[in-house]
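Peer 1: What follows is a predicted structure for the sequence shown.
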Amino acid sequence: MKKTLATIAALFLAVGAYGQGQLSFNTRIVGTVDAPVTNSANGLGVGSGFTAELDIVGAGGSLTPITPTTAFRAGTGLAPFYVNPIDITLTGRLGGSSVTLRMRAYNGVDYASSSIKGFSNDFTIVLGGDPGNGSPPSTPAPLAGLNGFSVVPEPSTIALGVLGLGALLLRRRK
């Protein structure tokens, strides 16, 4: 029994180490990717305080978050429109295989509980990295096909703002 469990554990480790697809989570690579993220409230880049996340789009539109996430660049000019680039390894996915992704941006702890959020179109890339067939590894795949998008306040946030403005107008009127 112990030998069987040890064999199964070794098999899972071997399979996990076998597939090593890689991607470059970067929303600005000159000539390849230019996907700025804007804040619809002011038209500026979202900048610090926002998190960027890549999700694998599965059957029926299900989303599986990929870790790690990254933050948006701080600063002036174009910096706040783009993420701090990182390379991500997708264990269990071979280099050369394709994957459909969606990028999400949000200002809270997670996407669901954030008051300002948005997401990109779905796009498909071919992963770089180790193809697992003896061929030399390739560089991490860029997010070609990713388009820019805007983050927007949730309707409840807008409704609270309208209620507050109405209360101020009524108070001023009296």
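Peer 2: Done, it's in.

Peer 1: quick one: secondary structure of Y111?
Peer 2: When classified by DSSP: H, G, I helix; E, B strand; the rest coil, Y111 comes out as coil.

Peer 1: quick one: contacts for it?
Peer 2: Neighbouring residues of Y111 by CB atoms under 8 Å, 6 or more residues apart in numbering: E53, R104, K117. The C-beta positions use only the backbone N, C-alpha and C, and glycine is treated the same way.

Peer 1: ok, now how distant is it from V30?
Peer 2: The gap separating Y111 from V30 is 29 Å, by CB to CB, to the nearest Å.

Peer 1: Tell me where this structure has helices.
Peer 2: For the chain, the helices defined by DSSP state H cover 2-18, 155-173.

Peer 1: how about low-confidence regions in this protein?
Peer 2: Where the chain drops to pLDDT under 70, the residues are 1-19, 156-163, 172-174.

Peer 1: Strands along that one, start to end?
Peer 2: 20-25, 28-29, 33-34, 37-39, 51-57, 63-71, 86-91, 98-106, 116-119, 123-126, 128-130, 149-153 (DSSP state E).
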